[in-house]
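Asks: sequence and predicted structure are below.
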Amino acid sequence: MNYVTTGHGPAILLIHGLFGNLDNLKSLGQALENQYQVIRVDVPNHGLSAHWPQMDYINLSQAIMALLDELGIEQAHLVGHSMGGKIAMATALAFPKRVLSVVAADIAPVAYQPRHAEIFAALESLPLTELQGRPQALAHILSHGIDDPTAQFLLKNLQRTESGFRWKMNLNGLKECYSSLIGWHNCPPFVTQVYLGPSLFIRGGASDYVTAAYRQAILAQFPAAQAKTLEGCGHWLHAQKPTIFNRIVTEFIDKQSH
């Protein structure tokens, strides 16, 4: 996995969500790096990391462990947004002695219904070889019903080449693995395991990713879970309310570290 590491101290691994890259949680990393060693990763099939034909939470959690081993880190705090939160949860369930705490941002340990069909359609239909520039790409994505902030976020994956443009992410691989990424109960052994360490679930007040209906599912696997709601923001809570989000995460991890 491609990664960037900054700061010194107890280790914190920051894991982005679907279609993202290691810059997504950069603001949080900057808030933490004065006291901690912060590792921001490109999840496989994203950014500059390897393209995988098969991607599920079992092999993703093993990849997180391999990275910690490579860096000589025995234990780390894990912070993840959306898919990254599921990776953090899966890693804590599979390797509990290696995980000091878990922060899951706007995601629960449940299977979700598909909700990215429009995004896949917009990205797959973009004529990369004929593309003149980013304004044309933006107009194309917006024409598929994608809102402007999401379109701008997706276009961070677009990279100019000598012959046009390419996606940094493995778009075909992500589509092939999509059912595994939105799933959870198809991920044994995780669904029967429990992580007893400290965990924090932060949800956006206007988001439907973490609802009251998921409370029992969270507590069943993360019985020590704490919960926070950031009002006035949706699924992209870390980008919409960065100051508050960064403070909540920092204070939670500080409590586990002292």
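Replies: Looks like it arrived, so ask away. Numbers count the residues shown, from 1 in each chain.

Asks: all helices for the stretch 1-150 of the chain, in order.
Replies: In the stretch 1-150 of the chain, the helices defined using DSSP state H, counting those that start in this stretch lie at 26-32, 57-70, 83-94, 117-124, 134-142, 148-154.

Asks: what's the mean pLDDT across the third one?
Replies: Read that as helix 83-94. Mean per-residue pLDDT for helix 83-94: 96.

Asks: circling back to that earlier point, most tightly surrounded among the helices of the stretch 1-150 of the chain?
Replies: Sort the helices of the stretch 1-150 of the chain by mean neighbour count, taking mean count of other C-beta atoms under 10 Å, and helix 83-94 sits at the top with a mean of 27. Glycine gets a C-beta too; all of them are placed from N, C-alpha and C.

Asks: contacts for that helix, please.
Replies: 13-18, 20, 25, 43, 57-58, 60-62, 64-65, 78-80, 98-99, 102-107, 109, 181, 184, 187, 189-190, 193-195, 197, 199, 221-222 (C-beta atoms under 8 Å, 6 or more residues apart in numbering).

Asks: give me that answer again for 7 Å
Replies: When contacts are defined by C-beta atoms under 7 Å, 6 or more residues apart in numbering, helix 83-94 is touched by residues 15-18, 43, 57, 60-61, 64, 78-80, 99, 102, 104-105, 107, 109, 181, 187, 190, 193, 195, 197, 221.

Asks: with stretch 109-125 instead?
Replies: Looking at what lies outside stretch 109-125 - C-beta under 7 Å, 6+ apart - the contacts are 89, 140-141, 144-146, 154, 171, 175, 182-185, 214, 217-218, 221.

Asks: in PyMOL, select just the buried ones from the contacts of helix 83-94.
Replies: Applying 16 or more other C-beta atoms under 10 Å to these leaves a buried subset, and the PyMOL line that selects it is:
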select buried, resi 15+16+17+18+43+57+60+61+64+78+79+80+99+102+104+105+107+109+181+187+190+195+221
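
Asks: remind me, longest helix of the protein?
Replies: Across the chain, the longest stretch assigned as helix under DSSP state H is helix 242-257.

Asks: list the buried residues of that one.
Replies: In terms of neighbour count (16+ other C-beta under 10 Å), helix 242-257 has its buried residues at 242, 244, 245, 246, 248, 249, 250, 252, 253.

Asks: distance from the chain centre to that helix, please.
Replies: Helix 242-257 has its average C-alpha position 17 Å from the chain's average C-alpha position, going by C-alpha atoms, centre = their mean, to the nearest Å.

Asks: for that helix, give me every contacting residue.
Replies: Identification of contacts with helix 242-257 by C-beta under 7 Å, 6+ apart yields 10, 12, 27-28, 31-32, 77, 79, 100-101, 103, 198, 200, 202, 228, 230, 237-238.

Asks: which residues touch residue 177?
Replies: By C-beta under 7 Å, 6+ apart, the residues touching residue 177 are 54, 55, 56.

Asks: nearest to residue 135, of those residues?
Replies: Comparing these against residue 135 with C-beta to C-beta places residue 55 closest, at 31.9 Å.

Asks: returning to what we had before: would you format the helices of the stretch 1-150 of the chain as a markdown table with distance to residue 258 included?
Replies: Below are the helices of the stretch 1-150 of the chain laid out as a markdown table (distance: least, C-beta to C-beta, whole Å):
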| stretch | distance to residue 258 |
| --- | --- |
| helix 26-32 | 14 |
| helix 57-70 | 22 |
| helix 83-94 | 20 |
| helix 117-124 | 41 |
| helix 134-142 | 45 |
| helix 148-154 | 35 |
